[in-house]
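**Student:** Sequence first, then the predicted structure:
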Amino acid sequence: MKEIRVAPIRNGTVIDHITAGQALNVLKILGVNEHSIDSTISVVIKVPSQKGMKWKDVVKLEDRELDPETVDKIALIAPNATIVIIRDYYVAEKYKVKLADKIVGLARCSNPHCITNMGEPVAPEFNVVSRDPLKLRCAYCDRKLTNISDNLL
Amino acid sequence: MPDDGGRMQRLYRPDAHTRIVSNPDFYDKDIVSIRDMTRGQIESILDLSAKMVPYANGEKVARPLAGKIVGNLFFEPSTRTRLSFESAAHRLGADVIDVSQVSETSISKGETLADTIRMVDAYCDVIVLRHPHEGAARLAAKFSENPVINAGDGAGSHPTQTLLDLFTIKRAKGRIDGLNIALVGDLKYGRTVHSLADALTTFGANLTFVAPESLQMPEDIVKDLEERGCNPVVTSDLGGVIGGADVLYVTRIQRERFPDPSEYRKVAGTYRIDNAILREASKDMIVMHPLPRIDEIAPEVDGTPHAKYFEQAFNGIPVRMALLMAILGGEL
């Protein structure tokens, strides 16, 4: 018998196939804190996945749909995530997050000596050098970005 | 060297009767990182550098860049790089303005590098930038209409140093491909060795990294080189490497990297090049050093045929002349 861990939602977004262990970072991207919760959020960490990945995390947001910038940020820490938009219990839209070749203004460079961390009027910019595993290189200082989740803007 | 939207085609007019014409790929372009250049482009600069040698040592005189202004913008002290850029500009008939003091004044007032660059851009035809922060040259190139040459940005790139190192190796050995090149000393923090290792990989040299464990080449750089088909040997044993090396590229080990002074003395002593250790070397092995040296190379080595570091310092002039010629469209 299939066990239902979280009840279906009427309206909102399901972020599925999040890389296991990244759900809390997804909440950080969503700006979830004690002052900003207007509706139910369900979080499931490390559940078996039927697709390629062995384990996954899932986040369900009731009565909220995501803007493209938020989806781009999620792609940085969960490149295989799927966004499912639910309207009146039905799947209205379903798509995989997609990482652009160039990441602009979503994360800061992890190199403290990088010119982009010195108050200059430029957005941090990264080139995607590898998608699996995800590797980003700063377009300015040429260093690889380490700890992506800690450096999200 | 980003796409210029056809500026090059509009402005570059090579004369059919000229004897020395630089690679038009470089016309009006920035020199930020050696990674931006293809092997063919690097080779064209090395070829042009060779043609610049008689002009660099004063044997021939020409003023192909008369009327051009080179803006030296140095936010950090520098002797060789700054002087050789000045000398290269003068040898080609260009004027040099030193805008470093202006920039220091502006910085103390809180001006951003972006604004300083936009101001300096209006005063000259090419900006030569040395800056303490990594990525500064890329940022400057973004805000400057005129081309920017990176003269070292923090622990980041120093492409003109790399070009003159390649030029020195090529002049001394006739080729770079297949040479056994050992990089010795501070490979972790050394600004020059990272870009050099990258470029030598492009040329198919065999690399050996000789350093104490604490100053060894960063793992991500080694991994990058491996992904590009180079399999560098990583060792701390200098004695075991000298016999098979064609080039020994020595860098300064900085005292401040060692909290314990006795540890510094021990390490510095282990990697000191003198005539005794060079007895193991082949007759035509060359010793290079980006200078300044402290005591990594004993003065007794200076008089041997192995010593190439002062020639290397001179080579900064023809190489920087070649770059200025190619970027500003000079013809001889």
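**Tutor:** Thanks, I have it.

**Student:** Give me the neighbour count for the closest residue to chain A within the stretch 51-200 of chain B.
**Tutor:** Residue of the stretch 51-200 of chain B nearest chain A, by Cβ to the nearest Cβ: B:Gly135 (3.0 Å). Where you see a C-beta, it was placed from the backbone N, CA and C, and this is true even at glycine. Using other Cβ atoms under 10 Å in any protein chain shown, B:Gly135 has 33 other residues around it.

**Student:** Kindly report the same for the one 3 residues further on.
**Tutor:** B:Arg138 sits with 27 neighbouring residues when counted by other Cβ under 10 Å.

**Student:** swap in the one 5 residues further on?
**Tutor:** Here the number of neighbours of B:Phe143 (other Cβ under 10 Å) works out to 19.

**Student:** Report the contact partners of it.
**Tutor:** For B:Phe143, the contacting residues are B:Ala114, B:Ile117, B:Arg118, B:Asp121, by Cβ atoms under 8 Å, 6 or more residues apart in numbering or on different chains.

**Student:** What of B:Ala56?
**Tutor:** Taking Cβ under 8 Å, 6+ apart as the definition, contacts of B:Ala56 comprise B:Ser87, B:Ala88, B:Arg91, B:Phe314, B:Ile317, B:Pro318, B:Met321.

**Student:** And for A:Glu125?
**Tutor:** Contact analysis of A:Glu125 by Cβ under 8 Å, 6+ apart lists A:Lys102, A:Ile103, A:Val104, A:Gly105, A:Thr116, A:Cys138, A:Ala139, A:Tyr140.

**Student:** near chain B, from these?
**Tutor:** A:Thr116, A:Cys138, A:Ala139, A:Tyr140 (Cβ under 8 Å from any Cβ of the partner chain).

**Student:** so the residue of the stretch 51-200 of chain B closest to chain A sits right up against A:Cys141, yeah?
**Tutor:** Yes. B:Gly135 is within contact range of A:Cys141, at 3.6 Å (criterion: Cβ atoms under 8 Å).

**Student:** Which residues are in contact with each of these two?
**Tutor:** Shared contacts of B:Gly135 and A:Cys141, counting by Cβ under 8 Å, 6+ apart, come down to A:Cys109, A:Cys114, A:Ile115, A:Thr116, B:Asp153, B:Gly156.

**Student:** Quick one, which of the residues you listed are buried?
**Tutor:** A:Cys109, A:Cys114, A:Ile115, A:Thr116, B:Asp153, B:Gly156 (16 or more other Cβ atoms under 10 Å in any protein chain shown).

**Student:** and chain A, which residues reach chain B?
**Tutor:** A:109, A:111, A:113-116, A:118-122, A:138-144.

**Student:** Which of these fall within strands?
**Tutor:** If you go by DSSP state E, the residues of chain A next to chain B have A:Cys138 in strands.

**Student:** quick revisit: quick check on the contacts of B:Phe143: which are buried?
**Tutor:** B:Ala114, B:Ile117, B:Asp121.

**Student:** hang on, the earlier thing: quick one: contacts for the residue of the stretch 51-200 of chain B closest to chain A?
**Tutor:** So B:Gly135 contacts A:Cys109, A:Cys114, A:Ile115, A:Thr116, A:Cys138, A:Tyr140, A:Cys141, A:Asp142, B:Asp153, B:Gly156 (Cβ under 8 Å, 6+ apart).

**Student:** how much space between the residue nearest the centre of chain A and A:Thr40?
**Tutor:** Nearest to the mean C-alpha position of chain A, by Cα atoms, centre = their mean, lies A:Ile74 at 1.5 Å. Per Cβ to Cβ, to the nearest Å, A:Ile74 is found 19 Å from A:Thr40.

**Student:** And B:Phe26, by the same measure?
**Tutor:** 60 Å.

**Student:** same question, A:Arg143
**Tutor:** Counting by Cβ to Cβ, the gap from A:Arg143 to A:Thr40 is 41 Å.

**Student:** Which one of those two is surrounded by more residues?
**Tutor:** Between A:Arg143 and A:Thr40, counted using other Cβ under 10 Å, the more crowded position is A:Arg143 (20 against 14).

**Student:** pLDDT wise, what is the more buried one at?
**Tutor:** pLDDT, A:Arg143: 87.

**Student:** I figured it hits A:Cys109, correct?
**Tutor:** Yes. A:Arg143 is within contact range of A:Cys109, at 6.9 Å (criterion: Cβ under 8 Å).

**Student:** Kindly report the domain assignment for the chain.
**Tutor:** No chain in the question, so chain A it is. Annotated domains of chain A cover A:12-96, A:102-148 [automatic domain parsing].

**Student:** not what I meant, chain B
**Tutor:** Under automatic domain parsing, the residue ranges defining each domain of chain B are B:7-157+B:316-328, B:160-313.

**Student:** Comparing these, which comes out most buried?
**Tutor:** domain B:7-157+B:316-328 (a mean of 19; mean count of other Cβ atoms under 10 Å in any protein chain shown).

**Student:** tell me the average confidence for that one?
**Tutor:** Rounded mean pLDDT across domain B:7-157+B:316-328 is 89.

**Student:** do the same with stretch B:207-226
**Tutor:** 91.

**Student:** any idea where the helices of chain A begin and end?
**Tutor:** A:23-29, A:68-77 (DSSP state H).

**Student:** Now render those helices as CSV, adding distance to A:Ser149 and mean pLDDT.
**Tutor:** Compiled in CSV, the helices of chain A are given as follows (distance: least, Cβ to Cβ, whole Å; pLDDT from 0 to 100):
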stretch, distance to A:Ser149, mean pLDDT
helix A:23-29, 4, 92
helix A:68-77, 5, 92
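
**Student:** now the ones you listed in TSV, with distance to A:Arg87?
**Tutor:** TSV is the format used below for those (distance: least, Cβ to Cβ, whole Å):
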stretch	distance to A:Arg87
helix A:23-29	21
helix A:68-77	17
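
**Student:** Residue of the stretch 201-332 of chain B closest to chain A, please.
**Tutor:** Across the stretch 201-332 of chain B, the shortest distance to chain A (Cβ to the nearest Cβ) belongs to B:Asp220, at 6.1 Å.

**Student:** can you pull the contacts of that residue?
**Tutor:** Applying Cβ under 8 Å, 6+ apart to B:Asp220 gives the contacts A:Lys144.

**Student:** That one in helix, strand or coil?
**Tutor:** For B:Asp220, the assignment made with DSSP: H, G, I helix; E, B strand; the rest coil gives helix.

**Student:** how about the contacts of A:Glu125, which pair is most distant?
**Tutor:** Greatest spacing in these, by Cβ to Cβ: A:Lys102 and A:Thr116 (14.1 Å).
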